[in-house]
Structures are given as C-alpha cells and as structure tokens.
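S.K.: Compute the structure for the input listed below.
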Amino acid sequence: MSLPEFAISGIPLIVIIIALVEEVKAWGVQGKVLRVVSMAIGVAFAVVYQVAVKVPADLMGWLVVVGIGLLYGIAASGSYDFIDKRFPVKV
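M.R.: This next block holds a predicted model:
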C-alpha cells in the first residue's frame, strides 16, 4: 500500500479516533495529556491497520506507519479543537 492510499484510507480512522478521544475526555482527561492520548490512539490504530494490510518489511516502513499514526492523532485532536472553538456545546 502506498503512502497516499494509507493516508486517504485513514479518514474513517480519524473519526474513530475523535470518538475515542471524546470518551477519554469524558473520564476527565484534558489539556496536553488529552493531546498525547489522541496521538497514542492514532499511532496504535495506524499500526494495527497497516499490520492487517501488510507488515512493514523495514525500518522505513515502520517509520511511515508511526508518522501517519501521529498525523491521525493530530488531525483528530486538531479537528476536535477546531470544531469545539467554533461550535461550543453548552451543557
């Protein structure tokens, strides 16, 4: 699987990561810890996804998987922050 295919196929994963980050947030985790958690969840999902498709054969393959996972986590937390600042939910 090429890098662009891996990145595009991750869009549904970003939605799942956002949902999981929301669940972690409901447990009271916030701030920088929440950002680290979202990145960790992103890396975990990227690794599992890539291993399910094809196990990377070399170090560069694994670095790409981890890098894409970090991007998933950053995209998930960044998307949440972006939406929350523009459309805050009052409880």
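S.K.: Check the offset of the lengthiest helix in the chain from the chain's centre.
M.R.: Taking DSSP state H as the criterion, the chain has its longest helix at helix 59-86. Centroid separation for helix 59-86 versus its chain: 5 Å, with Cα atoms, centre = their mean, to the nearest Å.
S.K.: ok, now stretch 25-32?
M.R.: With Cα atoms, centre = their mean as the basis, the mean position of stretch 25-32 lies at 16 Å from the chain mean.
S.K.: Give me the distance between the two termini of it.
M.R.: 12 Å (Cα to Cα, to the nearest Å).
S.K.: what comes into contact with it?
M.R.: If you take Cβ atoms under 8 Å, 6 or more residues apart in numbering as the criterion, stretch 25-32 is touched by 34, 37. Any C-beta I mention is one placed from the backbone N, CA and C, and that applies to glycine too.
S.K.: So for it, mean pLDDT?
M.R.: Mean per-residue pLDDT for stretch 25-32: 84.
S.K.: Please report phi then psi for residue 27.
M.R.: phi -80, psi 0 (degrees, to the nearest 10).
S.K.: And it, how close does it get to residue 37?
M.R.: Plainly put, residue 27 is 10 Å away from residue 37 if you go by Cβ to Cβ, to the nearest Å.
S.K.: Looking only at neighbour counts, state which of these two leads.
M.R.: Each of residue 27 and residue 37 has its neighbours counted (other Cβ atoms under 10 Å); residue 37 has more, 19 against 8.
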